[in-house]
Structures are given as C-alpha cells and as structure tokens.
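> Predicted structure and sequence below. I'll ask about it afterward.
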Amino acid sequence: MTTEPTAGPTNSLVDVAGLAVGHHTASGDGWLTGSTVVLAPPQGAVGGVDVRGGGPGTRETDLLDPHNLVDRVHAVSLSGGSAFGLAAADGVMRWLLDEGRGFPMGAPGQVVPIVPGAVIFDLGRGGRWTSTPDASFGRQACERAQDALATGSEGYAAAPPVGAVGAGTGAQVAGGLKGGVGTASLVLDDGTTVAALIVLNAVGSTVDPATGELYAADRLLARDLEDLPGFPEGARLHTPEPVDVEAARTRAAELGSEALPRTLATTIGVIGTDAALTKAQASRLAMSGHDGMARAVVPAHTMFDGDTLFTLATGERDAPDAWAMHQLLQGAADVVARAMVRATLAAPTVTTSAGTWRGYVDAFPSAVW
C-alpha cells in the first residue's frame, strides 16, 4: 500500500530553509500589478533556469548557463509590467548591495548582487497602461521577504500569501478567469525538500472546457485545499455541475476567440531545493518543472507566453545520486503542477475599469464543497 506524498510544514517554497518570499502589490486607481522577490540565503544559492515560452521577458538567464562563471544567485525577481517590470530587479540589486550580499569583487562592500528575473504581461489590466512596477517595487518586496524571515521560526521564513498578490496581482488565464500566485512543497523519501512558487498568467486554460475540472487537480494532496485562505475545513474538489460549465463556456465565447492573438501572458516561477546541485543539475530541475506546467495549463509554452522557471539550490543536504536526482526531478514537476492548481483556486474575482476576471471558485461554485 502506497502512502500519500508529504508536503513540508507550510506547503510553500519557504519549506526550503533559507529561502524567503516577499510581495509588493499595487491595485486600485489604475493599478493591477506587482512584484515578488525570492531571497536566497546571504551566501547565495546555486541557480538554474529553463525558458520555454515564445515571448520571454527575462534578465541574467545567460549567466545561469552551466558554461559560464557565476554559479551563485542572491535573489530572483518576478514581476508584472511586461518588459517595463524588469526594472523591479534594480531595486532588488540595490537592497542586496546595502546588505552586503553579492558576488565579491575585492574590498569589503564591493559586491555585485546576482539577480535573475522574469516578467509577466499584465499591462493595462488595472485601467492605466503606464502603471508598471519600478525599482521601488523590488526594494519593497525585499523588505517584505526580510519581514518574513523575522517572523518565521527555526530558520524558516513565514509562508508567503497566495492569490492576487505580488507579481500575480494582474494575472489571468484563458476563459476570463483570474490567475495569481500559488506555491507547494514536497518532502521526498530521503528527506530532501523540493518546492515551487508560481505566478500563473497563461494564454492557455487551467480548466477542461468539457467538464470544468482543473487539468492537474489529480496531482493535489489532501492538504492542498486545507491550506488555502477562505476554504472551509474538509473542503474537496468535485466535478462542477453542468449549469456552471455552460455558464463558463458562454462567458468565454463572449470574450471572443479573436482576442487570443492580442493576449500576451507568461507563467513564471522559482523551484527551490535543499539538495546540493551543480548549475547543470539546477537547470535540469527547472526543465522538469515545465513538465508540471504542461500538466496544469493547455496549451503551455505558446508563442504568446514567455514561460520561464528558475531553480535555487541551497545545498544544505548532500548531493543526490542518480536515483535521488531522478526522484527530485519528478518532485519538481509535481510541485509546479500543484502550485498552479492552488494559484487558480486562491485567485479571487477582480474587477477594474479594464474588465472583470472571475475566480475559479466563483465561476464554478459547485466544484468546491
């Protein structure tokens, strides 16, 4: 008899000791966007990346190529604002510099923080096209991540909020549904932890249009619903009633299929582990994470998405052998898929002057009870 896999204490990315997450959210008065930072431990973490979408907005991804010199990352910047949102990483770099964290260049204080990043397309969703993240967003996200470390316990940061927060504030998915931030963790049989934080914002759909069911719902653990804000104790997912499915189809049709080519998106995120990995292995972990993305969104990795996943490996545990690496890769795909389902479930209905995006639970009320 097999036992259900086990999530970490908070079922989030920060179950990898040393990682911390901070959000800065801007909504109202023309805004619907934000930034999220994942802080590595002060000494950094081994980084990897895999970019699969046809329209990526990224920085410092070439640096993470295993052929290149620097192997330590000090933070990852995730942001709304499309290419404008890459500016958030400047604030992250300045905050890290103030903290003395970075690639050493000589004398004390002479460091260059290494901050890869990626952005999603959410322009105009708050009602004003020019409301985009800047360096102040990245700095404030770092402050929130530092607060999470201070309020956590035993070397672990406090769990990050999920839903329409940070880089997921203006996120959406197909069918007029709201996207957002989701996270999940898994403790493998050998004690290694692998976890993911995902900003779900996709041209594709997380929902099977024939049934209204979430594509990767079968990957969820029992506690994946219990941990979500607003979900009643003992809540479970069910196949939605036909009336809900038909209403969702009608709304999707009203939005117009001709809008698809003008809808840019992108799902981005970070996979973390406490295993000791090389840069090549870290990138391989990001590659496997994309398998989880493809389970949760159909279609994934389109020409209108810039789907990008980073890896941060803290090295608190031993390097994995071949079998342990195999299990770690499988675990990465699972936590990404679960994080994306949880992002869908946590996302609330949001209305701005630019439109309304319904949360999954509001669109399919018969699916959760």
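Nice, I can see it. Numbers count the residues shown, from 1 in each chain.
> need the helices for the stretch 1-150 of the chain, in chain order.
In the stretch 1-150 of the chain, the segments counted as helices under DSSP state H, counting those that start in this stretch are 88-98, 135-151.
> Show me what the helix or strand bottoming out on mean pLDDT in the chain is packed against.
Least confident helix or strand, the chain: helix 242-255 with a mean of 85, by mean pLDDT, DSSP states H and E. Counting contacts by 3 or more CB pairs under 8 Å, 6 or more residues apart in numbering; DSSP states H and E, helix 242-255 is packed against helix 360-363. Where you see a C-beta, it was placed from the backbone N, CA and C, and this is true even at glycine.
> tell me what the helix it packs on is packed against?
Judged by 3+ CB pairs under 8 Å, 6+ apart, helix 360-363 is in contact with strand 177-178, helix 242-255, helix 322-346.
> ok, and which of these has the densest surroundings?
With neighbours defined as mean count of other CB atoms under 10 Å, those peak in mean count at strand 177-178, which reaches a mean of 26.
> pLDDT (mean, whole number) over whichever helix or strand comes after it?
In the C-terminal direction, the helix or strand that comes right after strand 177-178 (DSSP states H and E) is strand 180-187. For strand 180-187, mean pLDDT rounds to 98.
> Same check on stretch 198-218?
Computed over stretch 198-218, the average pLDDT equals 96.
> List the buried residues of it.
By 16 or more other CB atoms under 10 Å, the buried positions in stretch 198-218 come out as 198-207, 212-217.
> Of those, which pair is most distant in space?
199 and 212 (23.6 Å; CB to CB).
> where exactly do the strands run in the stretch 51-200 of the chain?
Taking DSSP state E, counting those that start in this stretch as the criterion, the stretch 51-200 of the chain carries its strands at 58-59, 72-73, 75-79, 103-104, 111-112, 117-119, 172-173, 177-178, 180-187, 193-200.
> How about residues contacting the second one?
So the one you mean is strand 72-73. For strand 72-73, contacts defined as CB atoms under 8 Å, 6 or more residues apart in numbering pick out 40, 43-47, 64, 103, 114-116, 310, 312.
> what do you get if the cut-off is 6 Å, keeping everything else the same?
Identification of contacts with strand 72-73 by CB atoms under 6 Å, 6 or more residues apart in numbering yields 40, 44, 45, 47, 114.
> Which members of those residues are the farthest-apart pair?
Farthest pair in the contacts of strand 72-73 (CB to CB) is 45 and 114. Separation: 10.0 Å.
> More neighbours: which of those two?
Here residue 45 and residue 114 are compared on neighbour count by other CB atoms under 10 Å; more neighbours surround residue 45, at 29 against 23.
> so who does residue 30 touch?
Going by CB under 6 Å, 6+ apart, residue 30 touches 126, 127, 128, 131.
> Great, nothing more from me.
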